[in-house]
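Enquirer: I'd like to go over a predicted model; first the sequence, then the structure.
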Amino acid sequence: MLTKADINGFRFRLLLYFTILTLLITATSAFIYVHSEIRSGQNQARERLHLLAMQLASDIRLPLFAHDTALLQQSAQNTISRFRDIAAITISTNDGLVLYSHARKEMPVASHLLETSLDVHSSSFSLSPASALTGGNDGENQRIGLLKMSLDISQLAADTRDSALMAALVAFLFWLAVSLTGYFVLENMTRSFRTLMAGLEQIKEGDYSVRIAVEKEDEAGHAALAVNSLAETLQSREEENKRLQTALVDAMRLEVQEEKKQMMARLIQANRMTFLGLLASSMAHEINNPNASIRLAGLFLTRAWGDAIPLLQQMARDEGDFSLGGIPFTRAQNEVLQSCAGIERATNAISHVIQDLRNYSLGSSSEYHPNVSVNQVVNDAISTVRAYGRYPDVNIAVDTRRNLPFVNGCKHQLEQVVVNLLLNAMQAMAGKPGAIAVRTAFSPRKNQVMIAIKDEGVGIDPENLERLAEPFYSTRIGQGGSGLGLFVANHIISEHNGSLKFISQPGSGTTVSVLLPVHNG
């Protein structure tokens with residue numbers, strides 16, 4: 001069972017995983033953004049440098065071809081004055097002769113410089129410099145020199161650094177906001193479960209008087225209501241068992257047979273109420289109230305339909321047959337009446353089932369009858385256990401032999417024995433999925449009817465097999481066992497002149513056989 005520490009640890013781990021995942025996603029997004037900004041800035045700077053170089057190369061074709069240093073200086077200075085981030089310009093001829101060179105006095109570091117080299121050609125779409133000077137028109141595109149240009153990108157680096165810092169700050173604030181939001185969401189989600197776990201720990205320690213406060217009508221709230229109902233039942237059971245144990249010990253010490261029989265009758269009734277008490281609280285709300293609402297709705301529909309029939313019949317006579325609920329009115333009027341009658345029959349059947357269960361839980365007569373059907377006893381006991389719903393992962397397979405002879409006995413007491421044995425088999429599964437096989441058989445040679453219940457549980461140690469029917473002896477005292485279930489079952493079967501047999505091996509499951517003599521009346 002989960003404890004409060006487990007819930008806190010789970011919440012911490014979940015919050016840790018969430019914050020780490022959010023941090024990774026945020027950091028990755030910030031890194032991608034900064035990297036994209038750096039590449040975009042560098043690409044823009046390269047494109048700008050290339051365009052500036054192409055523009056200057058176009059302006060210096062004629063001066064370069066004519067080796068006119070004055071015009072070259074003028075063109076270069078115009079470009080430098082217009083674009084302050086140009087760090088250096090070098091113009092040379094094909095022979096490597098430098099005609100113009102300019103560089104800032106304080107050059108930036110190499111990492112903050114962007115350089116390019118561009119060959120200067122005579123344009124093929126206009127006169128070459130030679131043609132312009134000679135008056136010819138050769139149309140050739142020749143290389144006439146080399147232009148080198150350096151661009152200062154210190155501001156780009158500063159802008160990139162600022163963008164990176166801003167992205168890191170925004171990413172950190174986003175991660176912090178998401179982490180705080182996640183913490184408050186988890187805190188709100190687990191508050192009800194922590195309250196539930198605190199109550200369960202008290203119940204686990206044996207304090208059945210605790211009642212868990214229901215904060216919200218959610219899954220945890222419904223679970224708290226169920227635990228409160230269970231704690232109330234366990235508290236009543238514990239008080240009753242203590243009182244009955246004390247009285248039983250006194251009766252056994254005095255060896256008064258009559259008092260012992262009366263006490264056993266009370267133990268049988270208390271044991272019966274233990275199992276049915278777990279069903280009573282859910283039955284009252286989950287079945288009776290909705291069933292009453294369905295019944296009232298059915299009565300209202302029946303009356304309303306009875307009042308509406310004459311009007312609808314008159315309409316059908318005046319205007320002809322019409323559709324009602326997707327079918328013709330001539331059919332619908334009978335269908336609705338049959339549906340209302342079906343609702344009444346179904347609700348009455350549910351009421352009878354609940355009333356039978358209440359009669360049994362209140363303790364009906366324990367008189368013996370000669371025509372008790374063992375198969376009916378088994379089927380009713382299985383229905384009770386399945387309605388209990390505590391072990392949904394355990395499958396019960398039933399194999400009943402037809403035409404079993406009747407036995408002489410009390411049906412409700414025999415059903416109580418089978419319920420006891422089935423619950424013991426389910427508890428032996430130790431919370432693991434599995435199957436329980438229930439079968440009935442008849443032995444003509446022994447003139448006995450047998451009920452066999454076989455589980456796939458942990459089995460029973462050999463030293464415990466002989467003590468199973470002893471009062472107050474249980475291998476599950478720590479899990480809430482009273483040590484009276486098999487003792488009561490053995491007493492009931494003995495009163496029916498029958499016997500209980502146990503076959504078990506540790507780790508291989510257990511088979512319990514109930515042997516009852518056939519009625520020969």
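Expert: That came in fine, so what should we check first? Computed from a predicted model, the values in this text were never measured in an experiment.

Enquirer: in this protein, which spans are strands?
Expert: For the chain, applying DSSP state E gives strands covering 86-93, 98-103, 113-121, 143-152, 323-324, 327-328, 369-372, 394-399, 407-409, 434-443, 448-454, 499-504, 510-517.

Enquirer: between these, which gets the lowest average pLDDT?
Expert: Mean pLDDT per stretch puts strand 323-324 lowest among these, at a mean of 79.

Enquirer: follow-up on the earlier one: of the strands of the chain, give the one that comes closest to Ala171.
Expert: Minimum separation from Ala171 across these (CB to CB) falls at strand 113-121, 28.6 Å. C-beta here means a position set from N, CA and C on the backbone, and glycine is covered the same way.

Enquirer: Keeping just the C-alphas, turn the closest one into CSV.
Expert: The C-alpha coordinates for strand 113-121 follow below in CSV (Å, rounded to 0.1, in the frame of the first residue of the first chain):
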residue,chain,number,x,y,z
LEU,A,113,36.6,41.2,-39.1
LEU,A,114,34.8,39.9,-42.2
GLU,A,115,37.0,40.0,-45.3
THR,A,116,36.3,39.4,-49.0
SER,A,117,38.3,39.6,-52.2
LEU,A,118,36.7,40.5,-55.6
ASP,A,119,38.3,40.5,-59.0
VAL,A,120,37.6,43.7,-61.0
HIS,A,121,36.6,42.9,-64.6
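
Enquirer: Parallel or antiparallel, list what pairs with that strand.
Expert: Within its sheet, strand 113-121 is paired with strand 143-152 (antiparallel), according to DSSP bridges.

Enquirer: If you count neighbours, what's buried in the partner strand?
Expert: Neighbour counts over strand 143-152 (16 or more other CB atoms under 10 Å) mark 144-152 as buried.

Enquirer: now do stretch 446-455
Expert: For stretch 446-455, by 16+ other CB under 10 Å, it's 448-455.

Enquirer: Pipe those into CSV and attach distance to Asp461 per row.
Expert: Output for the buried residues of stretch 446-455, formatted as CSV (distance: CB to CB, whole Å):
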residue, distance to Asp461
Gln448, 28
Val449, 30
Met450, 25
Ile451, 24
Ala452, 21
Ile453, 19
Lys454, 18
Asp455, 16
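
Enquirer: List just the nearest of those to Ile20.
Expert: Closest approach between the buried residues of stretch 446-455 and Ile20, by CB to CB: Asp455, at 45.2 Å.

Enquirer: contacting residues around that closest one?
Expert: Neighbour list for Asp455: 425-426, 428-429, 434, 436, 509-510 [criterion: CB atoms under 8 Å, 6 or more residues apart in numbering].

Enquirer: What does it show for phi and psi?
Expert: Note on Asp455: backbone dihedrals following degrees, to the nearest 10 are phi -110, psi 170.

Enquirer: Please report the distance of the closest residue to it other than its chain neighbours from Leu49.
Expert: Of all residues not flanking Asp455 in the chain, Ala425 sits nearest, at 3.7 Å (CB to CB, 6 or more residues apart in numbering). If you measure Ala425 against Leu49 using CB to CB, to the nearest Å, the figure is 86 Å.

Enquirer: Repeat that for Gly320.
Expert: Counting by CB to CB, the gap from Gly320 to Leu49 is 90 Å.

Enquirer: Show me which of those two is the more surrounded one.
Expert: Leu49 (21 against 8; other CB atoms under 10 Å).

Enquirer: No further questions, thank you.
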